[in-house]
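> Below are the sequence and a predicted model for it; my questions follow.
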Amino acid sequence: MRLEFLYECLLTAGRVKGTEVFYGTRDVIDAEVRFFSNTEGRIDTCMNYTRPPLAIGIGQIKKAFLDAKSRGVRLRYLTEITNENISYCKELIKIVDELRHLDAIKGNFMISEGEYLAPVNLDEEGKIASQLIYSNVDEIVEQQHYIFETLWSKAIPSEQRITEIEENKTVPRTEVLYGAENAVGRGVQFMKNAKKKMDIFFDSKAPSIVIEIDAYRNGYMNIRKGGGKIRAFTEITKDNIHYCKELIKIVDELRHLDGIKGGIAVSETEYMATTVLQGQYIFDIFWYRAIPAEQKIREIEDGIEPSRIEVIPDTKVSISRSLDLIKSALKEVLVIFATSETFSLAMNMGVSQLYKEVIQNGAKIRLLIPDSQQSQWIINELKLAVPQADVRIADKSLQTRITILVVDKTELMIWELKDDSLEDPYEAAGVATYSNNKSIASSYASIFENLWKQTELYQKLKEADKIKDEFINVAAHELRTPIQPILGLADVLRSKLQHGKQENEYLDVIIRNAKRLQRLSEDILDITRIESKSLGLKKESFNLSEIILNAIVDSNNQIAKENKDHRLKLQLVASEEDIFIEADKGRINQVISNLLSNAIKFTKDGGIILAVEKKDNNQEILVSIQDTGTGIHPEILPRLFTKFATKSEIGTGLGLFISKSIVEAHGGKIWAENNPGSNGTTFTFSLPLNRK
């Protein structure tokens with residue numbers, strides 16, 4: 001037996017300490033296989049981008065990995081993941097315990113708990129190594145462990161790198177630039193890359209640089225031209241005030257802060273800072289936020305929990321913290337939910353079970369939920385699960401963008417609501433703030449108590465409104481009942497009996513006032529339907545032109561009765577084509593008739609013009625009614641379309657409110673204005689067109 005071969009065997013078996021070089025691909029592979037078989041604890045591998053294909057493609061090496069894993073050996077693999085080797089790296093992920101990426105790895109080595117080897121390829125890259133350095137010397141192995149751990153700590157997870165390659169994302173990196181020329185050039189490139197925003201601060205010397213160096217000034221202006229937003233702050237002094245005035249013209253907002261040192265810029269994708277920033281300025285920021293050591297020592301020794309306020313941007317952390325906070329409650333949990341949907345999200349997370357546990361431990365649960373269509377249903381669900389929980393519905397004005405949690409009047413959490421239409425509570429919630437300051441928590445508890453008491457009044461008002469609505473509904477129906485026979489019999493009397501002039505006038509008065517009562521009862525019923533959100537629409541496709549023509553005929557009859565000297569003229573301005581819309585025919589007729597009646601009522605002479613035109617590329621229709629009457633009183637104009645908005649002795653002021661509700665229920669708008677430069681008013685409403 002060759003002495004060299006015996007030495008190699010003893011060496012690789014760990015019986016002797018030393019370092020050896022193996023030559024030839026066969027000996028290299030054999031040495032690697034023995035390395036794997038000798039290992040019982042762990043193998044750390046660092047290879048350049050050419051080696052993953054070999055680790056998967058060479059059967060003996062792949063089998064060595066798999067055998068080691070089956071024995072419980074922990075395998076960590078560090079390499080540079082590229083477009084060319086990504087498929088092999090995905091296979092490696094299935095074999096090793098963890099794979100990480102590091103840019104531009106040079107050289108290759110592997111270490112176990114007691115051995116080190118480094119394949120060396122002096123020929124073509126990507127081929128099996130022709131030489132291999134092996135060592136089991138403790139100092140060498142320990143040194144290579146240190147090198148590997150250093151590289152490993154700088155690497156990123158393989159999944160992140162694979163995602164970057166597959167989604168063509170920019171690879172995050174950090175550069176240190178030396179020299180003014182390099183800094184200016186990189187700063188200009190930074191501004192070119194900024195598309196959406198640039199947030200920047202710099203010391204008092206920087207404004208003059210930005211204004212006087214064309215490359216910088218143009219960079220700022222190009223960001224703004226491209227739709228990006230620039231926020232900046234600096235220290236404004238007597239020396240730089242001129243430049244700051246110029247800076248205001250090329251940024252969206254400029255602010256002042258005393259004593260700024262260095263500078264920092266952040267875009268949507270990049271970060272840049274001067275080296276000065278890393279020194280004194282950052283130290284001073286932390287220094288002024290720190291507390292004296294004596295205070296902290298006293299807090300620890302006396303068992304005092306320090307008061308703190310903490311901003312938590314990660315919703316998983318904040319929601320987890322809140323659940324732990326509720327579990328810790330000894331006396332009471334108070335919650336004001338931002339919206340009823342926010343409460344629904346909490347219910348879906350199983351918070352009702354948590355409430356039940358807290359109540360069993362002797363604490364109380366009180367919840368405030370803003371009123372909505374689904375709030376009562378959600379509360380009923382909670383009551384079924386946790387009947388001991390005290391829940392109240394608050395006025396809609398309580399609906400805000402924040403949810404407030406107070407526990408035992410000692411701890412507080414506040415969440416900003418991002419989007420409660422999302423089903424995932426972690427995406428729906430925004431930034432949270434936590435505080436264990438007792439004064440702050442107690443103050444929010446007092447706010448809760450005040451709102452809690454207000455809900456009692458709110459509930460009483462709701463009950464009163466319900467009773468009022470029921471009374472109005474009954475009264476309106478009772479009012480309608482005698483009106484119909486009065487109108488019917490009055491018409492019969494006038495048609496069948498030969499009365500004198502005076503008797504006919506009496507009948508006209510009876511019929512006219514009965515019709516007023518009929519309109520009033522219909523208006524009251526419409527109001528109750530609108531406020532209870534039960535104003536149903538029976539939509540159909542119909543010709544709007546026919547409705548308008550019929551309304552004009554009825555209005556001319558009204559003018560003939562109320563304006564016997566014919567000083568008032570009604571004119572239609574519209575094309576002769578048919579206009580079809582999808583709407584409630586009766587309700588649209590009600591709006592047009594109401595607006596025409598108003599115009600006739602307030603116009604004694606002159607004219608009324610009803611105009612119809614298509615707008616927005618035939619997507620909507622505009623109907624306007626212009627009169628030459630008295631106009632709208634300035635006091636009424638701001639609240640024209642609200643209930644009872646009238647200064648006239650005739651009418652209730654309900655018609656325009658009902659008309660507005662009908663138009664908006666169809667997806668349209670209605671408005672009015674006094675005619676500029678002349679008497680009278682113009683009412684206009686829009687409706688979407690039926691494009692069929």
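Good, I have the coordinates.
> ok now do the residue nearest to Asn83 when sequence neighbours are not counted, which residues does it touch?
Nearest non-adjacent residue to Asn83, counting by CB to CB, 6 or more residues apart in numbering: Ile165, 6.0 Å away. Every residue, glycine included, has its C-beta placed from N, CA and C. Contacts for Ile165 (CB atoms under 8 Å, 6 or more residues apart in numbering) come out as 81-83, 86.
> Let's see that with 7 Å instead.
Listed by CB atoms under 7 Å, 6 or more residues apart in numbering, the contact set of Ile165 reads 81, 83, 86.
> Repeat that for Asp103.
Glu80.
> What's the separation between it and Thr163?
Going from Asp103 to Thr163 by CB to CB, to the nearest Å gives 16 Å.
> Which of the contacts of Ile165 ranks first by neighbour count?
In terms of neighbour count, Ile81 stands highest of these at 25 neighbours, by other CB atoms under 10 Å.
> That one reaches Cys89, doesn't it?
Yes - under the criterion of CB atoms under 7 Å, Ile81 makes contact with Cys89 at 4.9 Å.
> sorry, back to before: assign a three-state SS to the residue nearest to Asn83, would you?
helix (DSSP: H, G, I helix; E, B strand; the rest coil).
> what about Arg298, how many neighbours?
Around Arg298 there are 11 residues (other CB under 10 Å).
> hang on, it in a helix?
Yes - counting by three-state DSSP, Arg298 is part of a helix.
> Mind listing what's buried along stretch 620-635?
620-629, 631-632 (16 or more other CB atoms under 10 Å).
> Do a quick rundown of the strands in the stretch 401-550 of the chain.
Applying DSSP state E, counting those that start in this stretch to the stretch 401-550 of the chain gives strands spanning 402-407, 411-417, 429-435, 539-543.
> out of the ones you listed, nearest to Gly57?
Closest to Gly57 of these is strand 429-435 (CB to CB; 48.1 Å).
> what about the helices in the stretch 51-200 of the chain?
52-57, 59-70, 86-95, 138-154, 158-166, 180-193 (DSSP state H, counting those that start in this stretch).
> What is the fourth one packed up against?
Other elements packing on helix 138-154 under the criterion 3 or more CB pairs under 7 Å, 6 or more residues apart in numbering; DSSP states H and E are strand 42-46, strand 74-79, strand 109-112, strand 116-120.
> now those as TSV including mean neighbour count, mean pLDDT and distance to Glu149?
Below are the helices and strands packed on helix 138-154 laid out as TSV (neighbours: other CB atoms under 10 Å; pLDDT from 0 to 100; distance: least, CB to CB, whole Å):
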stretch	mean neighbour count	mean pLDDT	distance to Glu149
strand 42-46	21	93	8
strand 74-79	21	94	10
strand 109-112	22	93	10
strand 116-120	21	88	14
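> Please tabulate those in JSON lines and include distance to Asp214 as additional columns.
Listed next are the helices and strands packed on helix 138-154 as JSON lines, based on distance: least, CB to CB, whole Å:
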{"stretch": "strand 42-46", "distance to Asp214": "47"}
{"stretch": "strand 74-79", "distance to Asp214": "45"}
{"stretch": "strand 109-112", "distance to Asp214": "51"}
{"stretch": "strand 116-120", "distance to Asp214": "53"}
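> domain parsing for this structure?
Following automatic domain parsing, one gets these domains for the chain: 3-166, 180-285, 297-436, 539-688.
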